[in-house]
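Undergrad: Only the shape, not the letters, is given here:
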């Protein structure tokens, strides 16, 4: 299997620290070879500078493989994001994604960036996910965000919208398209045949028969009927606050949620240190730790590498599933 | 301390079973004396029929104290709700609440009822909470719903509304009024001095500086400023999906949530078997297990009494705090 390609993220954040810690733990954590793309000068530990991804497998046991071609040296201060650190994040993300798109690496793992810093450089996408989709010529709607942890997987019908706009953004076709992408990805990337997709309601008590909202009847139930007709094992609309109890979580492979916080609140409550953000629906595999740059704790050697390790493992497992298919 | 008064709930549901199981476990669970109000004929285990609440303390160790004055005999089938079972639920709730309002019992603990069954009898309130408020002449807005479990307490700014209506229902005054009621109750009923009230944002990422909604700036932040000016230890708006992580839960005594599922999703994910619904802002103490009638499992002796036991304990502790004040 080709190596994984990891972006540096904003070097003023905890990205480089958790990547280095993951490399340190490569044997006990069972990690497959990966390289990081960015300036070699930001790393303190053992580094193996490489010129080509073909060198990663040999280099991986000697030092953290770093592909730094095209990057200027950088020595910024942890916790102090700057235009220079944001530029590295942007360049690393672009280069790493292009390597994966070109097939030179088997999957993309992205470290955290600061959206507000990237905006200053003209980055006009809602997030890394949509930017990666655009690099491949895919509309952002075709990239589905899934969060996965040991307790739970959640996929999102809508992402970054005001709460008051969710109802008007939810359509039957949107739910069908994104739930179908989710179901296909669970088979292709996780090897789950005929995955069980629990579709959440939108309103409290799933609207209680229309007493508090009718999107369950007018939009969500028709989408579920269409998904079933396509042979997808979807069910619902499930009462949202009943969907994440320990017993309910045994009944599905993924909870398909109508809005950001409906899915992110339970997974962060249950799986905060190990949550992985995975992009579904694109030709490439992409994972990311489900946390931000954490500028406030950068440089103190206290960042927890659990989510980065989980992101590396999930990317490798998905690549293996695709290779075996 | 005067005994607790417990309503029967719908006798076709699991209410009687979990009340009987709680009584069985009264010593190991450390329960203070309580009586249940309703027909004695629905109980299978040892029952001590009483005529006055003054008899509860003596009767409690011999059998489940039952005050059945005014109730006709009833022998309905578990799992089969009927007009007769709903009528008992309604009558028991009313009688029990009146006993507590009259000061003959120290707190009200309500077993689950079926809203859709009660509606057939002309019950026109959104739930038991609002009905109890109306019995005391309080507007329903003055009754704040709090859910409490071992991991977390959440109080709600809005309850049974369509998701699309939440934004327009949220006002600065509503948040101030309900958060103030919440803070006062944590002191009066839980003995927490200067309780820490984490106020959630409404939108994903708490709006990300207005990029996805502006209620944080226009409504929630001004309400927090007003609460602080009143001497209440409120802070926020907190990014909703960051509010329920294990570390975040250490920073507050209660999470004050903008809408039903924002609060109920995390508490049911974390504390499903032990969640208590407590009504704040009324002169009386009222708790309830945070689950429904569960008609589907009634009569099988498999219902878990954890939430009922937790509701009985929380009611007793609140009564003790008020007695000591």
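TA: Happy to help now that I have it. All values derive from a computational prediction rather than experimental measurement.
Undergrad: What residues does the stretch 151-300 of chain A have near chain B?
TA: A:159-168, A:202-205, A:207-208, A:211-215, A:240-247, A:259-262, A:264-266, A:268-270, A:272 (CB under 8 Å from any CB of the partner chain). C-beta: built from backbone N, CA, C; applies to glycine.
Undergrad: roughly how far apart are residue A:324 and residue A:299?
TA: Using CB to CB, to the nearest Å, residue A:324 is found at 41 Å from residue A:299.
Undergrad: For the residue located most distally from the centre of chain A, give me its contacts.
TA: For chain A, the C-alpha lying farthest from the average C-alpha position belongs to residue A:211; by CA atoms, centre = their mean, that distance is 36.0 Å. Residue A:211 makes contact with A:205, B:160 under the criterion CB atoms under 8 Å, 6 or more residues apart in numbering or on different chains.
Undergrad: now it, what's its secondary structure?
TA: Following DSSP: H, G, I helix; E, B strand; the rest coil, residue A:211 is assigned to coil.
Undergrad: how close does residue A:253 get to chain B?
TA: 17 Å (CB to the nearest CB, to the nearest Å).
Undergrad: any idea how far chain B is from the residue nearest to that residue when sequence neighbours are not counted?
TA: Nearest non-adjacent residue to residue A:253, counting by CB to CB, 6 or more residues apart in numbering or on different chains: residue A:195, 4.2 Å away. Separation of residue A:195 from chain B (CB to the nearest CB) stands at 21 Å.
Undergrad: cool, residue A:320 as well?
TA: In terms of CB to the nearest CB, residue A:320 sits 30 Å off from chain B.
Undergrad: Now name the helix or strand holding that residue.
TA: In this structure, residue A:320 sits in helix A:306-324 according to DSSP states H and E.
Undergrad: gap between that helix and the chain center?
TA: In terms of CA atoms, centre = their mean, to the nearest Å, the centre of helix A:306-324 is set 11 Å apart from its chain centre.
Undergrad: And the contacts of that helix?
TA: So helix A:306-324 is contacted by A:1-2, A:4, A:6, A:18-19, A:21-22, A:25, A:29-32, A:34, A:106-109, A:111, A:148-149, A:188-191, A:273-278, A:285-291 (CB under 8 Å, 6+ apart).
Undergrad: how many neighbours does residue A:58 have?
TA: Residue A:58: 12 surrounding residues under other CB atoms under 10 Å in any protein chain shown.
Undergrad: Wait, the residue nearest to residue A:253 touches residue A:189, no?
TA: No. At 10.8 Å, residue A:195 does not count as touching residue A:189 under the criterion of CB atoms under 8 Å.
Undergrad: So between those two, which is more surrounded?
TA: residue A:189 (23 against 20).
Undergrad: hang on, the earlier thing: okay, the residue nearest to residue A:253: pLDDT?
TA: Here the pLDDT value assigned to residue A:195 is 98.
Undergrad: in chain A, which spans are helices?
TA: A:15-24, A:56-59, A:83-101, A:115-119, A:128-135, A:166-169, A:172-190, A:215, A:221-229, A:246-249, A:260-271, A:306-324 (DSSP state H).
Undergrad: what's the average pLDDT for the first one?
TA: Put plainly, it is helix A:15-24. Mean predicted confidence for helix A:15-24 is 96.
Undergrad: And it, what's buried?
TA: A:15-23 (16 or more other CB atoms under 10 Å in any protein chain shown).
Undergrad: what's the closest of those residues to chain B?
TA: residue A:18 (16.7 Å; CB to the nearest CB).
Undergrad: Now for that closest one: which residues touch it?
TA: Counting by CB under 8 Å, 6+ apart, the residues that residue A:18 touches are A:111, A:289, A:303-305, A:307-308.
Undergrad: separation between it and residue A:301?
TA: Counting by CB to CB - residue A:18 and residue A:301 are separated by 11 Å.
Undergrad: Check residue A:37 too.
TA: 23 Å.
Undergrad: Over to residue A:88?
TA: 21 Å.
Undergrad: So for these two, which residue has more residues nearby?
TA: Between residue A:88 and residue A:301, counting by other CB under 10 Å, residue A:88 is the more crowded of the two (24 against 11).
Undergrad: quick one, what contacts the more buried one?
TA: Per CB under 8 Å, 6+ apart, neighbours of residue A:88: A:8, A:10-11, A:38-39, A:42, A:71, A:74.
Undergrad: One more pass at 6 Å, please.
TA: Taking CB atoms under 6 Å, 6 or more residues apart in numbering or on different chains as the criterion, residue A:88 is in contact with A:11, A:38, A:74.
Undergrad: check contacts around the first one.
TA: So the one you mean is residue A:11. Applying CB under 6 Å, 6+ apart, the residues near residue A:11 are A:42, A:76, A:85, A:88.
Undergrad: Could you pull up phi and psi at it?
TA: phi -70, psi -10 (degrees, to the nearest 10).
Undergrad: From residue A:85, how far off is it?
TA: 5 Å.
Undergrad: shared neighbours of the two, which are they?
TA: residue A:76.
Undergrad: Might you list the low-confidence residue ranges for the stretch 151-300 of chain A?
TA: Within the stretch 151-300 of chain A, no stretch falls below the threshold (pLDDT under 70).
Undergrad: Enumerate every residue touching residue A:197.
TA: Neighbours of residue A:197 in contact, by CB under 6 Å, 6+ apart: A:179, A:183, A:234, A:254, A:256.
Undergrad: again, only using 10 Å
TA: Going by CB atoms under 10 Å, 6 or more residues apart in numbering or on different chains, residue A:197 touches A:155, A:179-180, A:182-183, A:186, A:224, A:227, A:232-236, A:252-256.
Undergrad: Can you turn the buried part of those residues into a ChimeraX selection?
TA: To isolate the buried members of the contacts of residue A:197 in ChimeraX, using 16+ other CB under 10 Å:
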select /A:155,179,180,182,183,186,224,227,232,234,236,252,253,254,255,256
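Undergrad: PyMOL command to pick out the buried ones of the residues of the stretch 151-300 of chain A next to chain B?
TA: Those of these that count as buried under 16+ other CB under 10 Å are selected in PyMOL with:
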select buried, chain A and resi 159+160+161+162+163+164+165+166+167+202+203+204+205+207+208+211+212+213+214+215+240+241+242+243+244+245+259+260+261+262+264+265+266+268+269+270+272
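Undergrad: May I see the buried residues of stretch A:139-153?
TA: A:143-149, A:151-153.
Undergrad: first vs last residue of that stretch, how far apart are they?
TA: 24 Å (CA to CA, to the nearest Å).
Undergrad: Compare neighbour counts for residue A:324 and residue A:299 and give me the winner.
TA: Legend: neighbour count by other CB under 10 Å for residue A:324 and residue A:299, higher for residue A:299 (16 against 7).
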